[in-house]
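Colleague: How does the following fold in three dimensions:
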Amino acid sequence: MRANTPVVQALRLWDNTLLANFYSAGTVDEVSVSGPASVALGRNSLAVSDPTQLQESVRVTVRRRTVEVPFKDAFGATKVVSLR
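Modeller: Got it, this is the predicted structure:
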């Protein structure tokens, strides 16, 4: 378990993948988000979804790189971003 707080619950898998559920803006390890988000961070990719299905986008900062992940008109979608 990497975090278990009112803001974020997160854990690392055996292959170093970080899985995190953010209930509001927050940070765990090398990942920061601007609002509620479910995040899966692998070695070369980042998967992000909006559990509220209300946000137009979420800003995610990982490994000193910030990406804006759009969700407008993507009801229930998960977006995958390459980190290469």
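
Colleague: Can you classify the spatially closest residue to residue 43 that is not a sequence neighbour as helix, strand or coil?
Modeller: Excluding its sequence neighbours, the residue lying closest to residue 43 (CB to CB, 6 or more residues apart in numbering) is residue 16, at 7.1 Å. Bear in mind the C-beta positions are built from the backbone N, C-alpha and C, glycine included. Here residue 16 is recorded as coil under DSSP: H, G, I helix; E, B strand; the rest coil.

Colleague: In stretch 9-25, which residues are buried?
Modeller: In terms of neighbour count (16 or more other CB atoms under 10 Å), stretch 9-25 has its buried residues at 9-10, 18-22.

Colleague: Including secondary structure, distance to residue 60 and pLDDT, could those residues go into a markdown table?
Modeller: Listed next are the buried residues of stretch 9-25 as a markdown table, based on DSSP: H, G, I helix; E, B strand; the rest coil; distance: CB to CB, whole Å; pLDDT from 0 to 100:
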| residue | secondary structure | distance to residue 60 | pLDDT |
| --- | --- | --- | --- |
| 9 | strand | 17 | 98 |
| 10 | strand | 14 | 98 |
| 18 | strand | 12 | 98 |
| 19 | strand | 14 | 98 |
| 20 | strand | 10 | 98 |
| 21 | strand | 14 | 98 |
| 22 | strand | 10 | 98 |
